[in-house]
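Colleague: starting from these lines, generate the structure:
(chains A and B)
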Amino acid sequence: MLLEVSELNTYYGQSRALQNINFHVDEGEVVALLGRNGMGKSTTLKSIMGLLKPHSGQIRFNGRDIMGLNPYKVARAGIGYVPEERRIFPNLTVLDNLKMGIKGGKIDKSNPNAWTIERIFEHFPFMKERTHQKGGHLSGGEQQMLTIGRTLMGNPRLLMVDEPTEGLSPIMVKEVRNVLEQISKAGIAILLVEHNYKMAISIAHRVYLMGKAHIGYSGTAAELEADAETRKKYLEV
Amino acid sequence: MEAYIAQGMHGLAYGMVLFLVASGLTLVLGMMGVLNMAHVNFFMLSAYLGYQVVAWTGSFWLALLIAPLLTAGAGILMERFLLKKVHAFGPMAELILTMGVAFIISDGVKAVWGTQNLPLSPPGSLSVLVNIAGVQYPAYRLFLIGLAVAILLLMALVLYKTRLGMIVRAAVADAGMVDALGINVPLVFMTVFGAGTWMAGVAGVAIAPILTVSPGLAAQMGMDAFIVIIVGGFGSLGGAFLVAILCGLLSAFGVQFLPQYASVLLFVFMAVVLAIKPEGLFGEKES
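Modeller: This next block holds a predicted model:
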């Protein structure tokens, strides 16, 4: 198992945002974490990333206990985080945004699979033409791509992506989906939080469904496709 | 004409020193979200430490080297052992903590050095007048302008030509995201805090020969420094630079042309700017 979350509890003040969460992601797998708004999907990612301090439980990544570590230590352990709000650096150029993702400031030349700026440009050709433009001048979809590219520069083994298609046009949704599929084919595991069920199910191997603060269902993408009742219970508004 | 040039140079020199103080304040505010009320007290502390080094060694240059470093060390200790501890309790706790440190420094210098004005002479080589366009102008003030320009260039070099600078600029926009990318943000915070207090420290020693060393130094510089970061826009170095120079010139020419209103001119300037642009000249609007 690459990521293993056991009995995770996180609080916002007095209210329990996550209740005994258990799930795992295997090496190279795409796992979707789905559910209605406010169920705790983003909170789960933030708790893993160290942006929220969990109250109790265990988070193991690659066999190592990472619970409660500072975000930069979690990132260095090999987890990349693409947040819901995208959070590119608007005052930095596209190139500098990408460089910000390089851990330690230098590309690891001993690793033949290390992501380079050139490799990012192959996946996201628009960035090559806009290298020196400020990140804040990109469209929403382009900013989403830049966030994904920036995170890849850190060579994560697991990419956690929070609502990547929110607010994007259908064409951009397709683009984001294709990019995630390519990343998966490159051997990187993905933990995807997504409101667009069709998009998520089209690339996920396995799915977890969240009810209020807990995980209520787990199964393969095919199993969930065949289970209309569960979909209605957890996903339909 | 000569009088204009002399006043203009005076304003420029004061503006430059003001920028040295305000830049650390605005960087820390922009990046860490901490309004460090003790910042100008570090500026004053450095002036006292400089006075002491001169008293012991007789060397102004040694004072200019050592006092800011000691001040930066004190700033780093404050960030590491006090500010970091209260960070989890939010900005109000941080603000109150920095006010506490400001009081401690303020009363501390009075306890050690007393309340009288202490003179700090510029080095002999700079205690002369030089001729600029027919105006006899103190060489020390020219040195002050040169020193501030040199530090400004160094800061621009670090901020725009190094990875550390890129990280700092990114952290001003979103420190949490920088952290999540694997960069040791607490270390970056400490470095910036140290650099900010070092610059305030340099300014403190450098301006001491002009203003003399006294417990009123912090309040004198403090108000102007806060005006600079508010009018310039929180976190904006460019804004701080422009407004610091404007403030320096406004103060200098205010004294010359409108002496009875000189003390309120800066506040009028601030009020006018904020009425038109509440976020400051280069500040970002709250979304």
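Colleague: any weak-confidence spans in the stretch 151-287 of chain B?
Modeller: Residues of the stretch 151-287 of chain B meeting the criterion pLDDT under 70: B:285-287.
Colleague: count the residues that sit near the residue of chain A found nearest chain B.
Modeller: The nearest approach of chain A to chain B comes at A:Ala75, 3.5 Å away (CB to the nearest CB). C-beta coordinates here come from the backbone N, C-alpha and C atoms, glycine included. Using other CB atoms under 10 Å in any protein chain shown, A:Ala75 is surrounded by 24 other residues.
Colleague: that one against B:Val178, yeah?
Modeller: No: contact between A:Ala75 and B:Val178 fails when scored by CB atoms under 8 Å: they sit 10.1 Å apart.
Colleague: helix or strand for A:Val161, which one?
Modeller: For A:Val161, the host element (DSSP states H and E) is strand A:158-162.
Colleague: can you map out the strands along the chain?
Modeller: No chain specified, so I'll use chain A. Taking DSSP state E as the test, the strands found in chain A are A:3-12, A:15-25, A:30-35, A:56-61, A:64-65, A:79-82, A:158-162, A:189-193, A:206-211, A:214-220.
Colleague: if you could check chain B rather than the one you did, that'd help
Modeller: Going by DSSP E, chain B shows strands at B:129-132, B:135-138.
Colleague: tell me which of these is the most buried.
Modeller: Greatest average neighbour count among those goes to strand B:135-138 (a mean of 16), per mean count of other CB atoms under 10 Å in any protein chain shown.
Colleague: give me the contact list for that strand.
Modeller: Under the contact criterion CB atoms under 8 Å, 6 or more residues apart in numbering or on different chains, strand B:135-138 has outside partners B:2, B:5-6, B:9, B:126, B:128-131.
Colleague: what residues does the stretch 101-250 of chain B have near chain A?
Modeller: B:163, B:166-167, B:169-170, B:172-174, B:176-186 (CB under 8 Å from any CB of the partner chain).
Colleague: could you find the closest non-adjacent residue to the residue of the stretch 51-200 of chain B found nearest chain A?
Modeller: The nearest approach of the stretch 51-200 of chain B to chain A comes at B:Gly182, 3.5 Å away (CB to the nearest CB). Distance criterion CB to CB, 6 or more residues apart in numbering or on different chains; nearest residue to B:Gly182, sequence neighbours excluded, is A:Ala75 at 3.5 Å.
Colleague: and that neighbour, what is it in contact with?
Modeller: Neighbours of A:Ala75 in contact, by CB under 8 Å, 6+ apart: A:49, A:81, A:103, A:154, A:156, B:179-182.
Colleague: keep only those of these that are in helices.
Modeller: In helices, defined here by DSSP state H, the members of the contacts of A:Ala75 are A:49, B:179-180.
Colleague: on that earlier part again, which of the residues of the stretch 101-250 of chain B next to chain A are buried?
Modeller: The neighbour count (16 or more other CB atoms under 10 Å in any protein chain shown) marks B:163, B:166-167, B:169-170, B:172-174, B:177-186 as buried among those.
Colleague: give the buried residues for stretch A:204-212.
Modeller: A:204-210.
Colleague: then stretch B:231-244?
Modeller: Quick answer for stretch B:231-244 (16+ other CB under 10 Å): B:231-237, B:239-244.
Colleague: start and end of that stretch, how far apart?
Modeller: Using CA to CA, to the nearest Å, one end of stretch B:231-244 lies 9 Å from the other.
Colleague: just stretch A:123-141 next, same as before
Modeller: Start-to-end, stretch A:123-141 (CA to CA) is 14 Å.
Colleague: now it: mean pLDDT?
Modeller: Average pLDDT, stretch A:123-141: 93.
Colleague: rewinding a little: near chain B too, which of the buried residues of stretch A:204-212?
Modeller: Within these, nothing lies near chain B by CB under 8 Å from any CB.
Colleague: quick check: the two most widely separated of those?
Modeller: Within these, two members stand farthest from each other by CB to CB: A:His205 and A:Met210, at 17.7 Å.
Colleague: bridging residues for A:Leu191?
Modeller: A:Val31, A:Met160 (DSSP bridges).
Colleague: hang on, it packs against A:Leu34?
Modeller: No: under the criterion of CB under 8 Å, A:Leu191 is not in contact with A:Leu34, lying 11.6 Å apart.
Colleague: the residue nearest to B:Tyr261 when sequence neighbours are not counted and chain A: what is the separation?
Modeller: Among residues not flanking B:Tyr261 along the chain, B:Gly254 sits closest, at 6.9 Å (CB to CB, 6+ apart). Per CB to the nearest CB, to the nearest Å, B:Gly254 is found 34 Å from chain A.
Colleague: packing partners of the longest helix belonging to chain B?
Modeller: If each helix of chain B is counted by residues according to DSSP H, the longest one is helix B:2-32. When contacts are defined as 3 or more CB pairs under 8 Å, 6 or more residues apart in numbering or on different chains; DSSP states H and E, helix B:2-32 packs onto helix B:39-57, strand B:135-138, helix B:139-161, helix B:163-180, helix B:185-211, helix B:217-232, helix B:237-257.
Colleague: list the contacts of residue 195.
Modeller: Defaulting to chain A. Taking CB under 8 Å, 6+ apart, one finds A:34, A:37, A:163, A:165-166 in contact with A:His195.
Colleague: nope, chain B
Modeller: Here B:Ala195 is in contact with B:24, B:27, B:72 (CB under 8 Å, 6+ apart).
Colleague: sorry, back to before: among the strands of chain A, which is nearest B:Val205?
Modeller: Ranking these by their distance to B:Val205 (criterion: CB to CB) puts strand A:79-82 first, at 44.2 Å.
Colleague: residues touching that closest one, excluding its own?
Modeller: A:3, A:45, A:48-49, A:61, A:66, A:71, A:75, A:144, A:147-148, A:151-152, A:154, A:156-162, A:164, B:180.
Colleague: just the buried subset of those, please.
Modeller: A:3, A:45, A:48-49, A:61, A:66, A:71, A:75, A:144, A:147-148, A:151-152, A:154, A:156-162, A:164, B:180.
Colleague: how much space is there between the nearest residue to B:Leu120 once chain neighbours are set aside and B:Leu49?
Modeller: Spatial nearest neighbour of B:Leu120, excluding adjacent residues (CB to CB, 6+ apart): B:Ala208 at 4.1 Å. According to CB to CB, to the nearest Å, B:Ala208 stands 10 Å off from B:Leu49.
Colleague: neighbour count: these two, which is higher?
Modeller: Using other CB under 10 Å, the more surrounded residue of B:Ala208 and B:Leu49 is B:Ala208, with 28 against 24.
Colleague: contacting residues around that one?
Modeller: By CB under 8 Å, 6+ apart, B:Ala208 lies in contact with B:47, B:50-51, B:120.
Colleague: can you say which of the residues you listed are buried?
Modeller: So, by 16+ other CB under 10 Å, the buried ones in these are B:47, B:50-51, B:120.
Colleague: next, format these as JSON lines and append distance to B:Arg80 and pLDDT.
Modeller: Formatted as JSON lines, those follow (distance: CB to CB, whole Å; pLDDT from 0 to 100):
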{"residue": "B:Ala47", "distance to B:Arg80": "24", "pLDDT": "97"}
{"residue": "B:Gly50", "distance to B:Arg80": "24", "pLDDT": "97"}
{"residue": "B:Tyr51", "distance to B:Arg80": "27", "pLDDT": "97"}
{"residue": "B:Leu120", "distance to B:Arg80": "30", "pLDDT": "92"}
